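Chemist: below are the sequence and a predicted model; questions follow.
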Amino acid sequence: MNDLISIIVPCFNEEAAIPYFYDAVAKQAASMRDRYGVEFEYIFVNDGSTDGTLKTLKEYAQRDKRVKYISFSRNFGKEAAMYAGMKNASGEFAAIMDADLQDPPELLPQMYESIINEGYDCVATRRTTRSGEPPVRSFFARCFYKLINKISKTNIVDGARDYRLMTRKMVDAILEMSEYNRFSKGIFGWVGFDTKWIEYENTERVAGETKWSFWKLFLYSLDGITAFSTAPLAIASVLGLVFCLAAFIMIIVIVVKTLIFGDPVAGYPSLICVILLVAGVQTFCIGILGQYLSKTYLETKNRPIYIVKEDNIGKE
Ligand code: UDP
Ligand code: MG
């Protein structure tokens, strides 16, 4: 039996990009079959698209029996789509690729060779430039990676894409992590395994539009922090201690001052400032607590990560 590589493709309104994607990957599939004797299968995950993505996928599935599709009942997000893809991948190897060709398929042979010849479990990619991205977004992205690597034990690589080729062992390890709040950039790091990093320059998407607004990215980064670090909780406790200490010092200062100078009233503005500050810090800390509590709440509900409406997995 030849080795099988499963190509997992999350698709959300990618009708325009899928034909380009399919052609580019099919080219690599043909050349890799000749060179290494590996077969490909495609697992397209239609993540509740509202355009003709599903129709396009069905057409491709009819033409090429290596094309499998899974269609969700609504939009569950890229994380859920990647999970569904890995769950249904039957290959000895699996690669995750965006449908917009921002993950160059030309890297696949090189990635496969690194796993076969150099003994890596995973070959991942990171982009060296953020060209074509708004500067504000790049700035906040850099800050986020600096921060999360300081406060989390899991290594989360700046500029890492989700584009990677993994062995079956690593895919199974990731599937074991069936948490509801999924943050793949952290999950990939958390499971360990030997990972080789390939760098490439950012390319613009071939067709369609990006699905990420600044706000969506911001919320996603908060998910990442709560999923892979409990440092904010520790910071909340430290803040509490600092304020107790400050209050203690203030008490001594005021007692001594009153005894020496007999300073009866005054101090209304400073009192208001202190009340506001302390109330602010308290609310902030409760907010942090709330973040973790809400994640725990959703996790205990044990909801499925995705719901399939239709697919052609296991059907010829
Ligand atoms: N995607 C998805 N569900 C979503 C959002 C995005 O499956 O809710 C897919 C999308 O179709 C694409 C990939 O995730 O294949 C990356 O999305 P996009 O290109 O919009 O992100 P960017 O490259 O701009 O970060
Ligand atoms: Mg993209």
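Modeler: Great, that's in hand. Ligands and ions are numbered 1, 2, ... in the order given.

Chemist: hmm, stretch 62-76 in reach of ligand 1?
Modeler: Yes - using C-beta under 6 Å from any ligand atom, stretch 62-76 reaches ligand 1 at residue 75. To be clear about C-beta, it is placed using only N, CA and C from the backbone, and glycine gets the same treatment.

Chemist: helix or strand: which one has residue 7?
Modeler: strand 4-11 (DSSP states H and E).

Chemist: so what strands line up beside that strand?
Modeler: Using DSSP bridges, the neighbouring strands of strand 4-11 in the sheet come out as strand 39-46 (parallel), strand 93-96 (parallel).

Chemist: output the ones you listed in JSON lines, with mean pLDDT and mean neighbour count appended to each entry.
Modeler: Shown next, in JSON lines, are the strands paired with strand 4-11 (pLDDT from 0 to 100; neighbours: other C-beta atoms under 10 Å):
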{"stretch": "strand 39-46", "mean pLDDT": "93", "mean neighbour count": "25"}
{"stretch": "strand 93-96", "mean pLDDT": "94", "mean neighbour count": "26"}
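
Chemist: what is the neighbour count of the closest residue to residue 72 other than its chain neighbours?
Modeler: Residue nearest to residue 72 in three dimensions, not counting chain neighbours: residue 48, with 5.0 Å by C-beta to C-beta, 6 or more residues apart in numbering. Here the count is done by other C-beta atoms under 10 Å, and residue 48 has 21 residues near it.

Chemist: then the one 4 residues further on?
Modeler: Residue neighbour count, defined by other C-beta under 10 Å, stands at 15 for residue 52.

Chemist: now do the contacts for it.
Modeler: Contacts for residue 52 were tallied using C-beta atoms under 8 Å, 6 or more residues apart in numbering; they are residue 15.

Chemist: next: residue 91.
Modeler: With contacts defined as C-beta under 8 Å, 6+ apart, residue 91 is in contact with 3, 4, 5, 6, 41, 168.

Chemist: recalculate using a threshold of 10 Å.
Modeler: With contacts defined as C-beta atoms under 10 Å, 6 or more residues apart in numbering, the neighbours of residue 91 are 3-8, 38-41, 43, 166-168, 171.

Chemist: of those, which is the nearest to ligand 1?
Modeler: Nearest to ligand 1 among the contacts of residue 91: residue 8, at 10.2 Å, using C-beta to the nearest ligand atom.
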